[in-house]
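Asker: let me see the structure of the following:
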Amino acid sequence: MPHPRQQIRDAVTKHLAETFATVYNSRAKPLFDQDLPAVLVYCASESIKQERWDTDGTGALTRELDLFVEAVDTGKEDLDNKLDDMAEKIESALDGWEIPGRKNAVLRFKGTDMDISVAANKTYGAVRLSFSVTYFTDTNNEH
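Answerer: Got it, this is the predicted structure:
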């Protein structure tokens, strides 16, 4: 069975594919001009907020996952507007959305970063939306 992080990434990717034509569940996907606009879904880090020994010794792990949704596109003077439009669609799609199979998970929007770079005569931009996902996993220890 895949790790819960993969399950969460896959679910977010599938959900955003209802809004965007090109969505990948990895930040390692090489993007070429013909792939743009594109959305990348990936995780950065995860921390344990509560583990079984914080409760009765058999409780679930409470995890907090840093999840990122990054939209990438090209443009000229309209690039900031294009990125903001994509960010608004991502925010709307994930606002109040429940992760399938993880009804107790809480998805919280944390913030946005933007970046623009110029390569030759092309201007590329990215908007990265950060979310935290708090969810629970059972422990396998039967003590």
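Asker: so in this protein, which helix runs the longest?
Answerer: For the chain, the longest helix by residue count, based on DSSP state H, is helix 79-94.
Asker: could you dump the one helix or strand V127 maps to to PDB, C-alpha only?
Answerer: Element membership for V127 (DSSP states H and E) is strand 122-137. What follows is strand 122-137, C-alpha atoms only, in PDB (Å, rounded to 0.1, in the frame of the first residue of the first chain):
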ATOM      1  CA  LYS A 122      11.000  33.800 -22.800                       C
ATOM      2  CA  THR A 123       9.600  34.800 -19.400                       C
ATOM      3  CA  TYR A 124       8.600  32.000 -17.100                       C
ATOM      4  CA  GLY A 125       6.700  32.300 -13.900                       C
ATOM      5  CA  ALA A 126       5.600  30.200 -11.000                       C
ATOM      6  CA  VAL A 127       3.200  30.600  -8.100                       C
ATOM      7  CA  ARG A 128       3.600  28.200  -5.200                       C
ATOM      8  CA  LEU A 129       0.700  27.800  -2.800                       C
ATOM      9  CA  SER A 130       1.600  26.100   0.500                       C
ATOM     10  CA  PHE A 131      -0.800  24.000   2.500                       C
ATOM     11  CA  SER A 132      -0.600  22.000   5.700                       C
ATOM     12  CA  VAL A 133      -2.400  18.700   5.900                       C
ATOM     13  CA  THR A 134      -3.100  17.300   9.400                       C
ATOM     14  CA  TYR A 135      -4.000  13.600   9.300                       C
ATOM     15  CA  PHE A 136      -3.800  10.500  11.400                       C
ATOM     16  CA  THR A 137      -2.200   7.100  10.800                       C
END
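Asker: distance between that strand and the chain's centre?
Answerer: 5 Å (C-alpha atoms, centre = their mean, to the nearest Å).
Asker: partner strands of that strand, parallel or antiparallel?
Answerer: strand 61-74 (antiparallel), strand 106-119 (antiparallel) (DSSP bridges).
Asker: pLDDT (mean, whole number) over stretch 89-107?
Answerer: The pLDDT scores in stretch 89-107 average 93.
Asker: buried ones in the helix or strand of the chain with the lowest mean pLDDT?
Answerer: Every helix and strand in the chain was compared by mean pLDDT, DSSP states H and E; the lowest is strand 38-50, with a mean of 89. Neighbour-count burial for strand 38-50 flags 38-43, 46 (criterion: 16 or more other C-beta atoms under 10 Å). For every residue, glycine as well, the C-beta is placed using N, CA and C.
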